[in-house]
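Engineer: let me see the structure of the following:
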Amino acid sequence: MVKLKRKVLGYWLVSLLLTVPVFAVKAQEMKEAADLYNAAATTYKQNPVEALKSVQQSIAICDQLDTDESKELRTKGQSIVPRIHVEIGKKFYSQQKIDECLDELRTARKVAQDNKDETAIAYATGTLASVLYVESTKSIKAGEYQKAIDMASESFSYKDKSVDPLIVIARAQDSLKKYDEMLNTYEKGIAIAKATNNLQRLTDMRILATNYLKKESQNLQNSKKVDDAIVLLNRAVKIDERDAEVYSALAVCFKTKNENDSIIYNADLAILNAPMTMDKTQLYFLKAQALQAKGDKDGACEAYKASAAGPFKESAEHQMKEVLKCK
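Structural biologist: Below is the predicted model:
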């Protein structure tokens, strides 16, 4: 019986001696993984390339250990990997290695998405979108218009509430003479600027779009293509319903078509929206002529009176005194 107990005790001692080294090895490996992680976490901004190697080694060790402690450390390691890739991207950017920078930032974003880390996703995405936007503006200046469109489009895809990339796209489309696409881009940007209450960019894009439409409509008027000019001006009205110059141009167009109701309607809107510095005598004169043609003597007299200045003074006074006999 005593011999049996001694035999069992011997087996237990052997088993213990075999187990202790295993625990010791795992503890040592866990310490190594922790040290690698800590080194990466504290140095990744200064030396991101080495930090990435360290954290990858830490994660690999944790995968082999497969304990609760190692799983926790692995998660922490994974969480800093996107930030490390961002820092590597920044290093490349400072060296003007733009393609390499963008590759790192895209990798950072993908890793963050794989980790389902919303904070890291936002950080990587924001950095990537910003670099793409800045580089798209440089491409515009360099005359690389399609490249500018590609980069600004990718930037916008990450930050679809930012209209700045759309302005870059529209400018590039203008340079490439893709005018329909340019207008569509401006209209898209205007809708977003309205929705986000971005008044400065709303004003900028309205001016850029309506200036083009007014210029092209004038060219069409000069070519006697009045109906086509009206189409463009109506599009301008949808872009900026407060632009007095657009309504004034429409009044002139409808004058050539003798459409008196449309003349009066657009002249009134032009007068209503006209800034203080705008000369409104032509608008009143057009309105007066249309009212006179419709047989509205009192309305015509009132409008002629308002237009009796500058180049329209003589004609307006003639109509009031000699034709309409205004009181």
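Engineer: can we go C-alpha only for contacts and neighbour counts from here?
Structural biologist: OK.
Engineer: helices and strands around the helix or strand hosting Leu166, which ones?
Structural biologist: Leu166 belongs to helix 164-175 when elements are defined using DSSP states H and E. Here helix 164-175 touches helix 118-141, helix 145-158, helix 179-195, going by 3 or more Cα pairs under 8 Å, 6 or more residues apart in numbering; DSSP states H and E.
Engineer: for Ser94, find the nearest of those.
Structural biologist: Distance to Ser94, taken as Cα to Cα, is lowest for helix 118-141 among those, at 11.6 Å.
Engineer: between that closest one and helix 145-158, how many degrees?
Structural biologist: Angle, helix 118-141 to helix 145-158, by axes from the mean of the first three to the mean of the last three Cα atoms, to 10 degrees: 160 degrees.
Engineer: what sits up against helix 118-141?
Structural biologist: 79, 82-83, 86, 102, 105-106, 108-109, 112-113, 145, 147-149, 151-152, 154-156, 158-159, 164-165, 168, 171-172 (Cα atoms under 8 Å, 6 or more residues apart in numbering).
Engineer: got a quick PyMOL command for the buried subset of those residues?
Structural biologist: The buried residues among the contacts of helix 118-141 can be selected in PyMOL (16 or more other Cα atoms under 10 Å) with this line:
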select buried, resi 79+82+83+86+102+105+106+108+109+112+113+145+147+148+149+151+152+154+155+156+159+164+165+168+171+172
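Engineer: how far away from the center of its chain is stretch 237-251?
Structural biologist: For stretch 237-251, the separation from the chain centroid amounts to 26 Å (computed by Cα atoms, centre = their mean, to the nearest Å).
Engineer: can you list the buried residues in that stretch?
Structural biologist: For stretch 237-251, using 16+ other Cα under 10 Å, the buried residues are 237, 239-240, 242-251.
Engineer: all strands for the protein, in order.
Structural biologist: For the chain, none of the segments meets the definition of strands by DSSP state E.
Engineer: one step back: now the helices and strands packed on helix 164-175 as TSV including mean pLDDT and distance to Tyr284?
Structural biologist: Putting the helices and strands packed on helix 164-175 into TSV (pLDDT from 0 to 100; distance: least, Cα to Cα, whole Å) gives the following:
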stretch	mean pLDDT	distance to Tyr284
helix 118-141	96	44
helix 145-158	97	45
helix 179-195	97	32
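Engineer: reformat those as JSON lines; add distance to Ile271.
Structural biologist: Formatted as JSON lines, those follow (distance: least, Cα to Cα, whole Å):
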{"stretch": "helix 118-141", "distance to Ile271": "39"}
{"stretch": "helix 145-158", "distance to Ile271": "39"}
{"stretch": "helix 179-195", "distance to Ile271": "25"}
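Engineer: nearest to Asn260 among the ones you listed would be which one?
Structural biologist: helix 179-195 (30.2 Å).
Engineer: okay, the angle between that closest one and helix 164-175?
Structural biologist: 160 degrees.
Engineer: alpha carbons only: can I get helix 179-195 in CSV?
Structural biologist: Provided in CSV are the C-alpha atoms of helix 179-195 (Å, rounded to 0.1, in the frame of the first residue of the first chain):
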residue,chain,number,x,y,z
TYR,A,179,-20.5,71.5,-69.3
ASP,A,180,-23.6,69.4,-68.7
GLU,A,181,-21.6,67.3,-66.2
MET,A,182,-20.3,70.5,-64.6
LEU,A,183,-23.8,71.9,-64.1
ASN,A,184,-25.0,68.5,-62.7
THR,A,185,-22.1,68.6,-60.2
TYR,A,186,-22.9,72.2,-59.1
GLU,A,187,-26.6,71.3,-58.7
LYS,A,188,-25.7,68.3,-56.6
GLY,A,189,-23.4,70.5,-54.4
ILE,A,190,-26.0,73.2,-54.1
ALA,A,191,-28.6,70.7,-52.8
ILE,A,192,-26.1,69.4,-50.2
ALA,A,193,-25.1,73.0,-49.2
LYS,A,194,-28.8,73.8,-48.7
ALA,A,195,-29.4,70.7,-46.6
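Engineer: identify all contacting residues around that helix.
Structural biologist: For helix 179-195, using Cα under 8 Å, 6+ apart, the contacting residues are 161, 163, 166-167, 169-171, 173-174, 199, 201-202, 205-206, 209, 239.
Engineer: just the buried ones from the residues you listed?
Structural biologist: 163, 166-167, 169-171, 173-174, 201-202, 205-206, 209, 239.
Engineer: please tabulate the buried residues of stretch 237-251 in CSV and include distance to Ala309 and pLDDT as additional columns.
Structural biologist: Output for the buried residues of stretch 237-251, formatted as CSV (distance: Cα to Cα, whole Å; pLDDT from 0 to 100):
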residue, distance to Ala309, pLDDT
Val237, 28, 97
Ile239, 32, 96
Asp240, 29, 96
Arg242, 25, 94
Asp243, 23, 96
Ala244, 20, 97
Glu245, 20, 96
Val246, 22, 97
Tyr247, 21, 97
Ser248, 18, 97
Ala249, 20, 97
Leu250, 22, 98
Ala251, 19, 97
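Engineer: TSV for those, including distance to Ile192?
Structural biologist: Shown next, in TSV, are the buried residues of stretch 237-251 (distance: Cα to Cα, whole Å):
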residue	distance to Ile192
Val237	18
Ile239	13
Asp240	14
Arg242	18
Asp243	20
Ala244	23
Glu245	24
Val246	23
Tyr247	25
Ser248	28
Ala249	28
Leu250	27
Ala251	30
